[in-house]
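Q: Okay, sequence plus prediction incoming.
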Amino acid sequence: MATAPSASRLLVVDDDADMLRLLSMRLQAAGYRVATAASAESALAQLELERPQLMISDVRLPGLDGLALFDEVHRRHPSMPVILLTAHGTIPDAVEATRRGVFTYLTKPYDGKDLLERIAQALALVSPAPASAQGDEAWRAEIVSRSARMADLLAEARMVARSDASVLLRGDSGSGKEMLARAIHRASARAGKPFIAVNCGAIPEALLESELFGHVKGAFTDAVTNRQGLFQAADGGTLLLDEIGDMPPALQVKLLRVLQERAVRPVGSSQSHNVDVRIISATHRDLEAAMAAGQFREDLYYRLNVVTLTLPTLAERREDIPLLANHFLDKLAAKYGRRLSGFAPEALKALIGAAWPGNVRQLYNVVEQVCALATTPLVPLALVQRALRVPSVQVLTYAEAKQRFEREYLVGLLKLTDGSVADAARLADRNRTEFYRLLQKHALTPGHFQSSGAERGLSPPGDDDK
């Protein structure tokens, strides 16, 4: 029987308390970390806190059944293997379960050794056993995260790395596409060979062909020597074509030919050179829309898009912001020789609530700025606000949000009625006594919203409005 990876966490779901306890004890004895849930709803709540490597669930559950639970888990975490257990198994049930993507389906009473073998097989598919736990993390050491979405993405990236399939990385600018491409390269059999990245949108069209494929002496005015292209430089390794959506149409044709023939011909040469390169491409553009507009070749798209991995924005993984901010602060403080111990609570709250249109790259730049300007060991709120220079998305409590809305609503009514309490109360469908209490609660004075009679062309308000 395969040895249980020490870091493997399993989630076991069963409404039978005795069965749940016995199965949990058996799995813990086999070396797994085990979390339990008595219902599908409880299991889904636990998945929000920490993502397990595998889930084992009974089919008959109160509320959502095991298959419905699997469907929801598969939607959230497509790469997570699920094993279903049931005392009511039938062949059609098993066929339906496996058709929908369940890893395996066992009928109670199941054989304990068989279950452990199936678990080991499932875990081997999503996370092959490393030589050491530390070595297992080395491939993704640059990617700092505790987000469940990132955990799923990294699990898929690890599986993809074992093949030579072309990968298309999608994500907003600054979300970490190049970092993920490097991680895939390090997890692959090509790790000992070169990893080379080129930004297809940053190099003029006239130079990009030479940059990718090389040139021979005399091919054009400035070609004074033979020059090897990036495809040949990356031979045996990985080539990242960043911002592939910005590649000029003429070069798309030549790139397609290289991918088909697995050979490059330098500019001005009549000879081709075989290359063995794994292609990872990345873009923040909508390539489907670009194809519809005739800006991107459909045949090239399908060559590049064998596997798609989509990076979440930083706003979609806010739980990672404190982790990333402190990681960057430690790194930059060491770089600049600064003694910084962390962020003040208000400063960290501002970072968590910020909009982050520039994603992880923007967060790094913000931390670099506060690191350069900080005069105290603890980074204050004022420095963070200065570095952000954009409105923050505040995370309010329900009571705070309600109070803010109520005050803004009252202010709007008083402005609309020129400070007339009677008119404002009527619009709010409240009697004046209650309306006055609301104004007092928010320290609002109606007179502050009244313009002069000359400005309004009206006589001063009556006593009922004072």
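A: Received the coordinates, thanks.
Q: Where does the prediction get shaky in the stretch 151-300 of the chain?
A: Within the stretch 151-300 of the chain, the segments meeting pLDDT under 70 span 219, 224.
Q: please redo it, this time with the cut-off set to 80
A: 206, 215, 218-224 (pLDDT under 80).
Q: Tell me which stretches of the stretch 51-200 of the chain form helices.
A: 66-76, 91-99, 112-126, 133-138, 148-161, 177-187 (DSSP state H, counting those that start in this stretch).
Q: what's the average pLDDT for the first one?
A: What it means is helix 66-76. Helix 66-76 comes out with an average pLDDT of 86.
Q: Break the chain into its domains for me.
A: 9-126, 148-310, 314-388, 398-465 (automatic domain parsing).
Q: Work out which residue lies at the spatial centre of the chain.
A: Nearest residue to the geometric centre of the chain (C-alpha atoms, centre = their mean): Pro312, 2.5 Å.
Q: I'd like the domains of the chain as JSON lines, with mean neighbour count and distance to Glu142 appended.
A: From N, CA and C alone the C-beta is placed, and that goes for glycine too. Putting the domains of the chain into JSON lines (neighbours: other C-beta atoms under 10 Å; distance: least, C-beta to C-beta, whole Å) gives the following:
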{"stretch": "domain 9-126", "mean neighbour count": "17", "distance to Glu142": "20"}
{"stretch": "domain 148-310", "mean neighbour count": "18", "distance to Glu142": "5"}
{"stretch": "domain 314-388", "mean neighbour count": "17", "distance to Glu142": "10"}
{"stretch": "domain 398-465", "mean neighbour count": "14", "distance to Glu142": "37"}
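Q: Which of the ones you listed sits closest to Glu137?
A: Glu137 sits nearest to domain 148-310 of all the domains of the chain, at 10.3 Å, using C-beta to C-beta.
Q: which ones are touching Ala43?
A: Shown in contact with Ala43 (C-beta atoms under 8 Å, 6 or more residues apart in numbering): 11, 13, 37, 55, 57, 69, 73.
Q: quick one: which of the domains of the chain is nearest Ala141?
A: Using C-beta to C-beta, the nearest of the domains of the chain to Ala141 is domain 148-310, at 8.3 Å.
Q: what does the helix ranked longest in the chain contact?
A: Longest among the helix segments of the chain by residue count, using DSSP state H, is helix 398-416. Identification of contacts with helix 398-416 by C-beta under 8 Å, 6+ apart yields 396, 424, 427-428, 438-439, 442, 444, 446, 449.
Q: Taking those together, which two end up most distant?
A: The widest separation within those (C-beta to C-beta) is 26.9 Å, between Leu396 and Pro446.
Q: on that earlier part again, quick one: which of the helices of the stretch 51-200 of the chain is nearest Gly201?
A: The nearest among those, by C-beta to C-beta, is helix 177-187 at 12.9 Å.
Q: re the thing from before, okay, the angle between the helix or strand just after the longest helix of the chain and helix 398-416?
A: Note on helix 398-416: by DSSP states H and E, the next helix or strand toward the C-terminus is helix 421-428. Helix 421-428 runs at 120 degrees relative to helix 398-416, counting by axes from the mean of the first three to the mean of the last three C-alpha atoms, to 10 degrees.
Q: so for the next helix-or-strand element following helix 421-428, what's the average pLDDT?
A: Using DSSP H and E, the helix or strand that follows helix 421-428 in sequence is helix 432-441. For helix 432-441, the mean per-residue pLDDT is 90.
Q: How about residues contacting helix 432-441?
A: 406, 410, 421-422, 424-425, 428, 430, 445-446, 464.
Q: do you know which of the helices of the stretch 51-200 of the chain lies nearest Gly218?
A: Set against Gly218 and scored by C-beta to C-beta, these come closest in helix 177-187, at 34.5 Å.
Q: looking at it, Gly356 is touching Ala315, isn't it?
A: To be clear, residue 356 is Trp; Gly isn't right here. Yes - under the criterion of C-beta atoms under 8 Å, Trp356 makes contact with Ala315 at 5.3 Å.
Q: that older thread, confidence score at the residue nearest to the centre of the chain?
A: 94.
Q: Can you give me every residue that contacts His185?
A: 161, 191, 195, 237-238, 278, 280.
Q: Recalculate using a threshold of 10 Å.
A: By C-beta atoms under 10 Å, 6 or more residues apart in numbering, the contact list for His185 reads 139, 161, 191, 193-197, 234, 237-240, 278, 280.
Q: Just the mean pLDDT for the host helix or strand of Val360, thanks.
A: If you go by DSSP H and E, Val360 is part of helix 359-373. Mean pLDDT, helix 359-373: 95.
Q: could you point out which element follows it?
A: strand 378-379.
Q: What is that following strand packed up against?
A: Packing partners of strand 378-379 (3 or more C-beta pairs under 10 Å, 6 or more residues apart in numbering; DSSP states H and E): strand 342-343, helix 345-353, helix 359-373.
Q: Distance to Leu381 added to these, as TSV?
A: Formatted as TSV, the helices and strands packed on strand 378-379 follow (distance: least, C-beta to C-beta, whole Å):
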stretch	distance to Leu381
strand 342-343	9
helix 345-353	4
helix 359-373	10
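Q: list the contacts for Arg386?
A: 366, 369-370, 373, 380.
Q: Quick one: these as JSON lines, columns for distance to Leu44 too.
A: Below are these laid out as JSON lines (distance: C-beta to C-beta, whole Å):
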{"residue": "Val366", "distance to Leu44": "34"}
{"residue": "Gln369", "distance to Leu44": "40"}
{"residue": "Val370", "distance to Leu44": "38"}
{"residue": "Leu373", "distance to Leu44": "44"}
{"residue": "Pro380", "distance to Leu44": "40"}
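Q: closest to Ser145 among those?
A: Nearest member of these to Ser145, counting by C-beta to C-beta, is Val366, at 18.0 Å.
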